[in-house]
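> I need the structure of the sequence given here:
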Amino acid sequence: MGLNPTPVLACGRPSQVRACHVVTSSFGGFFMVIAESAATLIGLLFVAVTVTKGRNNSGSVEIGEFRAAASLIAFTNALVVSLFGLVPGTNIGYPALTMGVIGVFFIGAGVKTTLAQPPSQQRRRHQFALILGLVAVFGFQVVYGLRLLDHPRGNGELSVIGYVLITSLLIGIGRAWEQVGNWDTGIVSSISRMFRRANPHVDQ
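Numbers count the residues shown, from 1 in each chain. Here you go, the predicted model:
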């Protein structure tokens, strides 16, 4: 009679408080912006792929398909993780870890595809630069996704996931630019070309 009743929590019993996590309002706004950006970029990517269908400047069909798919998985990764982050009570570690594992398998397929091509068609420096970028994104995502499963209220872990999603968008934009402009390496290549044209004696 003199005991206070156990408080009822919206996300479960008191023993489950550690597993409950609602993204703070500041992160909620951030994930909304990421989701909107990723959804818009995916739509633009579909248009770009349709317009440039049949054009391939990568040296092989398989490499071209992998580089085009890299932009899609980068945008999809940012979209999926951020959308799940907006669901009340969701531990964002789960979607981050899931997409991270999918990304690792995608990277493995890309490495296998690259090594299967004749050396003259690989353009290994450009291809492995993309693969290393994806390894960094999905590697951090797997690690910090796991950390969020144990510490769902860790703002530091959430911040790292946020940085990873931004990087994922940037990688996708670079590959989409390559798809639209038919450049061999995207934005970096375009800038280097401009510098070489501005100084014609560089290659002499």
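
> how about residue 152, secondary structure?
coil (DSSP: H, G, I helix; E, B strand; the rest coil).

> where does it fall, phi/psi-wise?
Backbone torsions of residue 152, given as degrees, to the nearest 10, read phi -60, psi -20.

> That one reaches residue 91, doesn't it?
Yes. Using C-beta atoms under 8 Å, residue 152 is in contact with residue 91, at 4.6 Å. The C-beta positions use only the backbone N, C-alpha and C, and glycine is treated the same way.

> which residues touch residue 102?
residue 73 (C-beta atoms under 8 Å, 6 or more residues apart in numbering).

> In three-state terms, label it for me.
Residue 102 ends up helix, using three-state DSSP.

> Tell me the spacing between it and residue 26.
Distance of residue 102 to residue 26, computed by C-beta to C-beta, to the nearest Å: 28 Å.

> Work out for me the element residue 84 sits within.
helix 61-85 (DSSP states H and E).

> Can you name the residues that contact residue 45?
Per C-beta under 8 Å, 6+ apart, neighbours of residue 45: 71, 72, 75, 172, 176, 179.

> Between those residues, which sits nearest residue 61?
Distance ranking of these against residue 61, using C-beta to C-beta, places residue 179 first at 14.2 Å.

> what ranges do the helices span in this structure?
25-51, 61-85, 93-115, 119-122, 124-150, 155-181, 187-198 (DSSP state H).

> Can you give me the buried ones in the helix holding residue 84?
62-64, 66-85 (16 or more other C-beta atoms under 10 Å).

> State the mean pLDDT of it.
Throughout helix 61-85, pLDDT has a mean value of 87.

> helices or strands up against that helix?
helix 25-51, helix 93-115, helix 124-150, helix 155-181 (3 or more C-beta pairs under 8 Å, 6 or more residues apart in numbering; DSSP states H and E).

> Pull out the buried residues from the last one.
Right, the one you point to is helix 155-181. 157-158, 160-162, 164-165, 167-169, 171-180.

> I'd like to check the angle between it and helix 124-150, please.
150 degrees (axes from the mean of the first three to the mean of the last three C-alpha atoms, to 10 degrees).

> If I look at the residue found closest to residue 135 once you drop the neighbours it is linked to in the chain, what pLDDT would I see?
Once flanking residues are discounted, residue 135 sits nearest to residue 107: 5.9 Å by C-beta to C-beta, 6 or more residues apart in numbering. For residue 107, the pLDDT comes out at 91.
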